[in-house]
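Asks: sequence and predicted structure below; questions after.
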Amino acid sequence: MGMKAVDFSLRINPSICFTQNPPKPFSKLIRCSLSPDGAATGLAERPWKLADARLVLEDGSVWRAKSFGASGTQVGEVVFNTSLTGYQEILTDPSYAGQFVLMTNPHIGNTGVNFDDEESSQCFLAGLVIRSLSITTSNWRCAETLGDYLAERNIMGIYDVDTRAITRRLRQDGSLIGVLSTEQSKPDKELLELSRSWDIVGIDLISGVSCNAPYEWVDKTKSEWDFNSNGRDRETYRVIAYDFGIKHNILRRVASYGCQITVVPSTWPAAETLKMKPDGVLFSNGPGDPSAVPYAVETVKEILGKVPVFGICMGHQLLGQALGGKTFKMKFGHHGGNHPVRNLRNGRVEISAQNHNYAVDPASLPEGVEVTHVNLNDRSCAGLAYPALNIMSLQYHPEASPGPHDSDCAFREFVELMKLTKQAA
Ligand SMILES: NC(=O)CC[C@H](N)C(=O)O
C-alpha cells in the first residue's frame, strides 16, 4: 500500500520559506506543480527545498519528506513523543538508541540547541521525524541550530512529513520499524525489505550506550534551575549508579540530594559493587528490550536485599525480572511529558515524563511486591516497591528532562530509604 507523494508546504506551510523569501503571487506558484516523485515540472522555480528523503515503514507505506541533519540510510523503530518541547534532551536520551523519534508537536527547532541541555554525551537515536522545522532560532541560550547539531552528530532528520497521520498509524497498528533514506538510487522495495529484515526486539542495545569504566559524578542541578532544595539531608550517602544508558539529570538530581555517586558500566560485577560498600544502588534507564540483557538481570538479582535499590525505567524493568516477574512489549509505549500517574500510596496524581516501550506485568510478580504507581492512561504498572528488600522503582522519569517535576520527590524517598536502612544496621 503506497502513500501518494504530496508536498503540503505549497498550501499549508508557506512560512517555511516566506520569512526569508517574500511570497510570490499565488498564480505563479500554482503553476509549479509536482510530479509524483517530488520533482518540479519546471514551469516556475520553487524557492524552497523539495522532498529528498523517504521514510518507508514495514507496513509498506512510503512517506516523502525533506531531509535535514545527516544523509544516508538508517533503520530503526518509529515511536512518537508527545512532549511539547525538550527535543534536545530527547535527542541525547540514550534510551532512544535504535529508534526514530517522531515529535507530535508540529513546530520543532525554534529554540535551537545549547550546551547545557544534553542528557548524555551523544545522540544515540536513529533519527528525528518532525512536521515543521523552524527556520529561525530564538532563545538566549541557543548556541547552534538543530539542523547543524544533527549534521555534526551524523543523525538524520526529516521534516514536512505528515506526523499526525504516522502517529495515528502507530497508535492503531503499534510501533513499526522504518527505514529513512536520502539515497535516491535505492528503490522503495529495497528500503521496505530492510525494514522487514530488522527487529529491535531481542537486541542488547545497552552495551552500545553504557560507559566503559567507572567514574565519579559530582555535578548538581545548577542553582538557578534548582527547586525543592529545602529539607535535604545533611548526611551524604554513597550511591553506585549502574549505567544502562543513564541520563545526566538522574545523576544531577541524586547529587543535588546530597549523594556521592560512582557510575559503573552495565557489566560491572555485583560482587565489586558490594565490595565498594554503597548505601544504595541505582539501576538506570536504558534502551531496548529488558529480556535481551540477562546479564544485567543477574547483576540486579545478586544485589537485591543487600543494599537499598532504586530502579528507573529500564532499571525498574530489570528489577521486575530479577524479582521473578515478566516484562512485555507494549503496543506503542509511552513517550512524552504529559502522562498522568497515580501514586497509590498517597492518592496523589503526578504528571510525568515517560519513555518506554516495555512494561512489567504486575500479575507475574511474587507476593510481597507492591504496585505503588499506576499510569492513568492505560492502567499499566508505573512503580513498584518491595519493602522487605528495600526496593523501589519507577517506570517513568522522576528526573524529567524534559518534563514536569512532580515526581522529583522519588529521589528524596530513595535517600530516606538509605537513611532508614543505615540507621537500622
Ligand atoms: N527509558 C528507558 O529506560 C526505556 C526502557 C526500555 N528500553 C523500554 O523501552 O521500555
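Replies: Perfect, thanks for sending it. Numbering: from 1, shown residues only.
Asks: tell me the average confidence for the longest strand anywhere in the chain?
Replies: In the chain, with assignment by DSSP state E, the single longest strand is strand 326-343. Computed over strand 326-343, the mean pLDDT rounds to 98.
Asks: who does it pair with, and is each partner parallel or antiparallel?
Replies: strand 349-361 (antiparallel), strand 370-375 (antiparallel) (DSSP bridges).
Asks: out of the ones you listed, deepest packed?
Replies: Burial of those is given as mean neighbour count (mean count of other C-beta atoms under 10 Å); strand 349-361 ranks first at a mean of 22. Bear in mind the C-beta positions are built from the backbone N, C-alpha and C, glycine included.
Asks: still on that earlier bit, export the strands paired with strand 326-343 to TSV and tack on mean pLDDT and distance to the ligand?
Replies: Below are these laid out as TSV (pLDDT from 0 to 100; distance: least, C-beta to the nearest ligand atom, whole Å):
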stretch	mean pLDDT	distance to the ligand
strand 349-361	98	3
strand 370-375	98	13
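Asks: I'd like to know which of these lies nearest to H316.
Replies: strand 349-361 (6.8 Å; C-beta to C-beta).
Asks: who touches the longest helix anywhere in the chain?
Replies: In the chain, ranked by residue count with DSSP state H as the criterion, the top helix is helix 409-424. Residues outside helix 409-424 that contact it (C-beta atoms under 8 Å, 6 or more residues apart in numbering) are 228, 232-233, 235, 237, 239, 253-254, 256-259, 279-280, 282, 307-308, 310, 390, 392, 394, 398-399.
Asks: buried ones in that helix?
Replies: For helix 409-424, burial by neighbour count (16 or more other C-beta atoms under 10 Å) applies to 409-415, 417-419.
Asks: now, among those residues, which is nearest to the ligand?
Replies: The ligand lies nearest to A410 out of those, by C-beta to the nearest ligand atom, at 14.6 Å.
Asks: quick one, grab the pLDDT at A425.
Replies: Looking at A425, its pLDDT stands at 86.
Asks: pull the number of nearby residues for it.
Replies: Neighbour count of A425, defined by other C-beta atoms under 10 Å: 6.
Asks: gap between it and the ligand?
Replies: Using C-beta to the nearest ligand atom, to the nearest Å, we find A425 at a distance of 31 Å from the ligand.
Asks: please name the residues that touch that residue.
Replies: Here A425 is in contact with no residue (C-beta under 8 Å, 6+ apart).
Asks: now with 10 Å, please.
Replies: D279 (C-beta atoms under 10 Å, 6 or more residues apart in numbering).
Asks: against the ligand, how distant is the nearest residue in space to E302 that is not next to it in sequence?
Replies: With C-beta to C-beta, 6 or more residues apart in numbering as the criterion, E302 has its nearest non-adjacent residue at 3.5 Å, and that residue is A270. A270 sits 20 Å away from the ligand, going by C-beta to the nearest ligand atom.
Asks: circling back to that earlier point, okay, the strands paired with strand 326-343 in CSV with distance to G69 next?
Replies: Converted to CSV, the strands paired with strand 326-343 look like this (distance: least, C-beta to C-beta, whole Å):
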stretch, distance to G69
strand 349-361, 21
strand 370-375, 32
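Asks: re the thing from before, burial measure for the residue nearest to E302, as a count.
Replies: Neighbours around A270, by other C-beta under 10 Å: 17.
Asks: name the helix or strand for the residue in the stretch 151-300 of the chain positioned nearest to the ligand, please.
Replies: Residue nearest to the ligand within the stretch 151-300 of the chain: N285 (3.2 Å; C-beta to the nearest ligand atom). Per DSSP states H and E: N285 is located in neither a helix nor a strand.
Asks: how about L180?
Replies: Using DSSP H and E, the element containing L180 is strand 176-181.
Asks: relative to strand 326-343, how tilted is that strand?
Replies: 90 degrees (axes from the mean of the first three to the mean of the last three C-alpha atoms, to 10 degrees).
Asks: after strand 176-181, which helix or strand is next?
Replies: Counting by DSSP H and E, the element after strand 176-181 in chain order, helix or strand, is helix 188-197.
Asks: for that following helix, packing partners?
Replies: Judged by 3 or more C-beta pairs under 10 Å, 6 or more residues apart in numbering; DSSP states H and E, the packing partners of helix 188-197 are strand 53-57, strand 62-69, strand 73-81, strand 176-181.
Asks: how much does the longest one deviate in direction from strand 326-343?
Replies: Computed by the same axes, to 10 degrees, the angle separating strand 73-81 from strand 326-343 equals 40 degrees.
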